[in-house]
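**Q** quick one, structure for this:
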Amino acid sequence: MDIQSTITTLLRDGFVLVFNQDKLDIVRTAEALIKAGVNNMEVTCRISKPLEKLSRLRKELEDFAAGCASLIDSPAMLDLYNRIHPQDQLPSVQEVVDAGACYLVSAANFRDETYDKLAGKVPIIPGCGTVTEVLSQFSKGANLCKIFPAKQLGGPAFIKAIDPAIHKTISLVPTGGTNAGNIPDYIDAGVLVLGASFSMIEKSTMQNIIEQQDYYLLASELSKIKRLIDELRADKYPDIDFAKASLTQISQVTGRDFNVR
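**A** Model (predicted):
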């Protein structure tokens, strides 16, 4: 997938699931997402053997936008971690790109060297916690900016507070503590894409999904999230059908720029 089609997929979906559950099959989880109308997922490096799982997902579902998250874009830190954990090492940014990652996500900023090499080729979504970081990372080539940890930073109120300072131009992706209760406030604040993990699903239901390996139930739960986001975005942006809109149309209607030239 090229950069434009990947970003369009994220925007049409409105939702990025953080795959952080070693007890679920990664391909069957992606298939559950597809049934729910979501065609992307980020594979976090906090699971075991993330590179192997990403590679398998890209091989078996070629048209699914599989990203990679929790990347450590610091050679020194990566080397330190991998010396401590030689049996299950963290992949580098280049390694996940080589494995076919459709987009890149970090809890922190990406290095200038990464932007020099990959900006405009692979969607880059850095973790940001201040207006300065958002503006700096976007100016270097970020396509969307992850707000993390969103709950601890202030949730929807934080988005509302900083969005005017960036002139409501950069698309912010809150991740961490997002749930059905605060999704309406995030959408109202101008958020187009939300990041969330399996914690959005009620705990006992999620336990059943894992124990029974019930991917039909998982698809049903994910469908509820997708429908909520679709309904809220349709109310806020009645002049656009996100399911069919192009990247240019989404940008024109929402006023957001996605750094694709």
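**Q** return the backbone torsion pair for Ser48.
**A** Reported as degrees, to the nearest 10, the phi and psi values for Ser48 are phi -80, psi 140.
**Q** next one: it from Pro238, what distance?
**A** Ser48 sits 45 Å away from Pro238, going by CB to CB, to the nearest Å. Heads up, the C-betas are built off the backbone N, CA and C, glycines and all.
**Q** for stretch 33-40, buried residues please.
**A** Leu33, Ile34, Ala36, Gly37, Val38, Asn39, Asn40 (16 or more other CB atoms under 10 Å).
**Q** per-residue pLDDT, the fourth one?
**A** We have a pLDDT of 98 for Gly37.
**Q** got it, and the second one?
**A** At Ile34, the predicted lDDT confidence score is 98.
**Q** surely it touches Asp63?
**A** No. Ile34 is not in contact with Asp63 according to CB atoms under 8 Å; the separation is 9.3 Å.
**Q** mind giving me the packing neighbours of the helix or strand where Glu231 lies?
**A** Element membership for Glu231 (DSSP states H and E) is helix 215-236. In this structure, helix 215-236 makes packing contacts with strand 15-19, helix 26-35, helix 183-188, helix 203-212, judged by 3 or more CB pairs under 8 Å, 6 or more residues apart in numbering; DSSP states H and E.
**Q** please identify the buried residues of the helix or strand just after it?
**A** Per DSSP H and E, helix 215-236 leads on to helix 247-254 as the next helix or strand towards the C-terminus. Of the residues in helix 247-254, Leu247, Gln249, Ile250, Ser251, Thr254 count as buried by neighbour count, 16+ other CB under 10 Å.
**Q** what mean pLDDT does helix 247-254 have?
**A** 98.
**Q** name the helices or strands packed onto it?
**A** helix 3-13.
**Q** ok, now which ones touch the residue nearest to Arg111 when sequence neighbours are not counted?
**A** Nearest residue to Arg111, sequence neighbours excluded (CB to CB, 6 or more residues apart in numbering): Asp73, at 5.1 Å. By CB atoms under 8 Å, 6 or more residues apart in numbering, the contact set of Asp73 is Val93, Ser106, Ala108, Asn109, Phe110, Arg111, Thr114.
**Q** could you rerun that using 10 Å?
**A** Asp73 makes contacts with 92-93, 104, 106, 108-111, 113-115, 124, 126, as judged by CB atoms under 10 Å, 6 or more residues apart in numbering.
**Q** ranking the helices and strands packed on helix 215-236 by burial, who's on top?
**A** Highest mean neighbour count among the helices and strands packed on helix 215-236 (mean count of other CB atoms under 10 Å): strand 15-19, with a mean of 25.
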